[in-house]
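[1] below are the sequence and a predicted model; questions follow.
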Amino acid sequence: MISEIKLKKTKSVLQTCVYLPYFLSWVIFAGLVQVFLEYPSNTDTGGLVNQVIMLFGGEPINFLKKPELFRSIIVVTNIIKTAGYSTIVYLAAISGVDPALYESAAIDGGNRKDMMLHITIPRILPSVAIMFILQLSGLFVSNFDQVYNLYNNYVLSTGDVLSTYIYRISLGGGTDFELSTAMNLVLNLMGLIVVAITNHFVQRLDVQGIF
């Protein structure tokens, strides 16, 4: 969608808004999320989200202390934070597509949907495959920085992931270093196996993998 924008200034502003969160550390980004979702107190009106909820007559929500909401917060914040990197990769891939292909398709009566399905997606498929493999490589380790900076004792039942659990039982105050080391080794081996299988699957689709 960004690639299709013709107004250069609008495109630049939108690209900057999408890119910017990626260049912030999770410490800073998590702090901003906590500010936006802050629950109102006696001396504070709360974050922007709760202010909007109260403006429309709703009751404020303590987002970061509700286990049932924490996973949704993680998903949304992860999309906002990491979308910039994927956008850079895909826009670079799209910019490498020969414009003559689109011109020929337009002459033959092809619409934007046809161009997307038969020109754009096939041409950027190698980039999609590489991004897919790289995302799967961290499947078992999960995003430690994100979860660690956002969760608390109230949401451990749904917020604790393998990487934060390994940290808690070792460097985070625990003393079970043997178990944490073994778990970390197993998780990394599982990640390697998944990457190898995915890479083989991608190559079977006649798309170059990462090795």
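    Thanks, I have it. Predicted, not measured: the structure shown is a model, and the values here were computed from it.
[2] contacts for stretch 68-88?
    Contact with stretch 68-88 is made by 2, 15, 18-24, 26, 29-30, 33, 37, 61, 63-64, 131, 143, 146-147, 150-151, 155, 158-159, as judged by CB atoms under 8 Å, 6 or more residues apart in numbering. Any C-beta I mention is one placed from the backbone N, CA and C, and that applies to glycine too.
[3] I'd like to know which of the residues you listed are buried.
    Buried members of the contacts of stretch 68-88, counted by 16 or more other CB atoms under 10 Å: 15, 18, 21-22, 26, 29-30, 33, 37, 63-64, 131, 143, 146-147, 150-151, 155, 159.
[4] doesn't residue 97 fall inside a helix?
    No - checked against DSSP: H, G, I helix; E, B strand; the rest coil, residue 97 lies outside a helix; its state is coil.
[5] how close does it get to residue 56?
    Residue 97 sits at a distance of 45 Å from residue 56 (criterion: CB to CB, to the nearest Å).
[6] which one's more surrounded, these two?
    For the pair residue 97 and residue 56, the greater number of neighbours falls to residue 97 (16 against 6), based on other CB atoms under 10 Å.
[7] and the more buried one, what are its phi and psi?
    phi -80, psi 130 (degrees, to the nearest 10).
[8] tell me, what's the model's pLDDT at it?
    Note on residue 97: pLDDT of 91.
[9] again, but for residue 208
    Predicted confidence (pLDDT) for residue 208: 69.
[10] quick revisit: restricted to helices, list the contacts of stretch 68-88.
    Judged by DSSP state H, the contacts of stretch 68-88 include 15, 18-19, 26, 29-30, 33, 131, 146-147, 150, 158-159 as members of helices.
[11] what's around residue 5, how many residues?
    Burial of residue 5, expressed as a neighbour count using other CB under 10 Å, amounts to 14.
[12] swap in the one 4 residues further on?
    One way to gauge burial is a neighbour count; for residue 9, by other CB under 10 Å, it gives 8.
[13] spit out the contact partners of it.
    Contacts here follow CB under 8 Å, 6+ apart; on that basis residue 9 touches nothing.
[14] and what about it, helix, strand or coil?
    Residue 9 falls in the helix class when you classify it by three-state DSSP.
[15] end to end, how far does stretch 28-43 reach?
    One end of stretch 28-43 to the other measures 24 Å (CA to CA, to the nearest Å).
[16] which residues does that stretch contact?
    The set of residues that contact stretch 28-43 without belonging to it, under CB under 8 Å, 6+ apart, is 21, 24, 44, 46-50, 54, 60-65, 73, 77, 81, 146, 149-150.
[17] how about a cut-off of 6 Å?
    For stretch 28-43, the external contacting residues (CB atoms under 6 Å, 6 or more residues apart in numbering) are 46-50, 60, 62-64, 77, 81, 149-150.
[18] and it, average pLDDT?
    Mean per-residue pLDDT for stretch 28-43: 90.
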